[in-house]
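> Can you look at this prediction? I've put the sequence above it.
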Amino acid sequence: MGSAIFGWLVVILIGIEFGVVAYLRRDRYPRFLFSAWAPVLYLAMIAGDCLLAALLSALLGASTEDVSNGRTTLLTAALVAGLLAGVVALLTLFFQWVLRTNITDPPE
């Protein structure tokens, strides 16, 4: 199997996830899907898709240079998406802390 199959697998999985989210949002936009944590969940899903495709390429793909390069690309994409999910999660926590804190203006 070529590495293009696993690249298309990632695209198909992401398309299915967007379809499921659109289907779930059809009833007046439920609060969970628009929470502050939604971007972190979406980035984690993309990282999971890339990891799944890399795992399948390791299990089902031949050990050619093309498949090995594709697997490296998928693992890099999963790492980037995971790091972005971590950064977005930390920023979400920070902004929630800022909103909870009663910040007053300095006295004049």
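Received the coordinates, thanks.

> Contacts only, for the spatially most central residue of the chain.
Geometric centre of the chain, nearest residue: Leu43, 1.9 Å, by C-alpha atoms, centre = their mean. Neighbouring residues of Leu43 by C-beta atoms under 8 Å, 6 or more residues apart in numbering: 81-82, 84-85, 88. (Glycine included, C-beta is placed from N, CA and C.)

> Which ones among these map onto strands?
Counting by DSSP state E, none of the members of the contacts of Leu43 fall within strands.

> ok, Leu75 touching Leu52?
No. Assessed by C-beta atoms under 8 Å, Leu75 is found out of contact with Leu52, at 11.5 Å.

> Strands along this structure, start to end?
For the chain, no strands are identified by DSSP E.

> okay, the contacts of Leu43 in CSV with neighbour count, pLDDT and distance to Phe95 next?
Formatted as CSV, the contacts of Leu43 follow (neighbours: other C-beta atoms under 10 Å; pLDDT from 0 to 100; distance: C-beta to C-beta, whole Å):
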residue, neighbour count, pLDDT, distance to Phe95
Ala81, 20, 92, 21
Gly82, 17, 92, 21
Leu84, 16, 94, 16
Ala85, 19, 93, 16
Val88, 18, 92, 10
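
> ranges for the helices of this structure?
Assigned by DSSP state H, the chain shows helices spanning 3-24, 38-60, 65-100.

> where among those helices is the average confidence lowest?
When the helices of the chain are ranked by mean pLDDT, helix 3-24 comes last with a mean of 78.

> JSON lines for the helices of the chain, including distance to Glu108?
Formatted as JSON lines, these follow (distance: least, C-beta to C-beta, whole Å):
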{"stretch": "helix 3-24", "distance to Glu108": "49"}
{"stretch": "helix 38-60", "distance to Glu108": "39"}
{"stretch": "helix 65-100", "distance to Glu108": "23"}
